[in-house]
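# I'd like to go over a predicted model; first the sequence, then the structure.
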Amino acid sequence: MRWIDRAGDCARRYQQNRKELGRMKRYRRKRHEIPSRGGIQKPVEAEVLSCCDENRAVQLEREIDAVEWAFAKIRQIADSGTTVSERDIARNTARLAEVVYIKRSHGVMGASVLLNFSDRTATRYNKIFLRLVAARMGFLECS
C-alpha cells in the first residue's frame, strides 16, 4: 500500500480513533473499580486481552498524534511562514483538512467546491497534509 493511502486511512479514522481510545480508557478504569463477584478468574485470558488492548491503545495514540501533529505543523506555518504565499497555502490546507478529516462533512472534491478551490488545488493541499501525517507515522522519510 502506498504511503498516501496509508496516511489517508489514518487521517480518516481520526475521529473514530479518538472515540475508541476514550472508550478503552473509561473501560480500563471501570474494570479495575468493579469488584469480582466470586466467579472463577481466567488469568491467562485476562492477560492476553490486556496485552491486545494495550497494543491497540498504542496504535490509536500514534495515529491520533500524527494527525494532531500535522494540524499543529500546518497552523504553525500559517502563523509564522516566511512568505505570504506559504502562509496562504498553509491556511487553505488547514481549512481543507478540517472539513475533510475533522468535520468529515465532505470528501476532497466536495471540500474543493465548498472552499472555492479547483479540484487540482484541493488535491495538492490534501497531499501536503497527508505527507505530514505519513512522515509522523513513519510511512515516508523526510529529509
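Perfect, I can see it now. What you see is a predicted model; the values in this text were computed from it and never measured.

# what packs against the helix or strand of the chain with the lowest mean pLDDT?
Within the chain, no helix or strand scores below helix 14-33, which has a mean of 78 by mean pLDDT, DSSP states H and E. With contacts taken as 3 or more CB pairs under 8 Å, 6 or more residues apart in numbering; DSSP states H and E, helix 14-33 sits against helix 43-80. In this view, the C-beta of every residue, glycine as well, is placed from N, C-alpha and C.

# What is the helix it packs on packed up against?
Right, helix 43-80 is packed against helix 3-12, helix 14-33, helix 84-97, helix 119-137 by 3+ CB pairs under 8 Å, 6+ apart.

# Let me have these in a markdown table, extended by distance to Ile74 and mean neighbour count.
Putting those into a markdown table (distance: least, CB to CB, whole Å; neighbours: other CB atoms under 10 Å) gives the following:
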| stretch | distance to Ile74 | mean neighbour count |
| --- | --- | --- |
| helix 3-12 | 12 | 18 |
| helix 14-33 | 14 | 13 |
| helix 84-97 | 5 | 18 |
| helix 119-137 | 7 | 20 |
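
# a markdown table for these, including distance to Val113?
A markdown table is the format used below for those (distance: least, CB to CB, whole Å):
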| stretch | distance to Val113 |
| --- | --- |
| helix 3-12 | 19 |
| helix 14-33 | 22 |
| helix 84-97 | 11 |
| helix 119-137 | 9 |
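
# can you tell which of those helices is closest to Arg62?
Arg62 sits nearest to helix 119-137 of all these, at 6.7 Å, using CB to CB.

# Mind exporting the C-alpha coordinates of the closest one to CSV?
The C-alpha trace of helix 119-137 is given here as CSV (Å, rounded to 0.1, in the frame of the first residue of the first chain):
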residue,chain,number,x,y,z
ASP,A,119,-10.0,20.1,-7.8
ARG,A,120,-6.3,20.1,-8.6
THR,A,121,-5.6,22.7,-5.9
ALA,A,122,-7.6,20.7,-3.3
THR,A,123,-5.8,17.6,-4.2
ARG,A,124,-2.5,19.4,-3.8
TYR,A,125,-3.4,20.8,-0.4
ASN,A,126,-4.7,17.3,0.7
LYS,A,127,-1.4,15.8,-0.4
ILE,A,128,0.5,18.4,1.7
PHE,A,129,-1.5,17.4,4.8
LEU,A,130,-1.2,13.7,4.2
ARG,A,131,2.6,14.0,3.6
LEU,A,132,2.9,15.4,7.1
VAL,A,133,0.8,12.6,8.6
ALA,A,134,2.8,10.0,6.7
ALA,A,135,6.1,11.5,7.9
ARG,A,136,5.0,11.4,11.5
MET,A,137,3.7,7.8,11.2
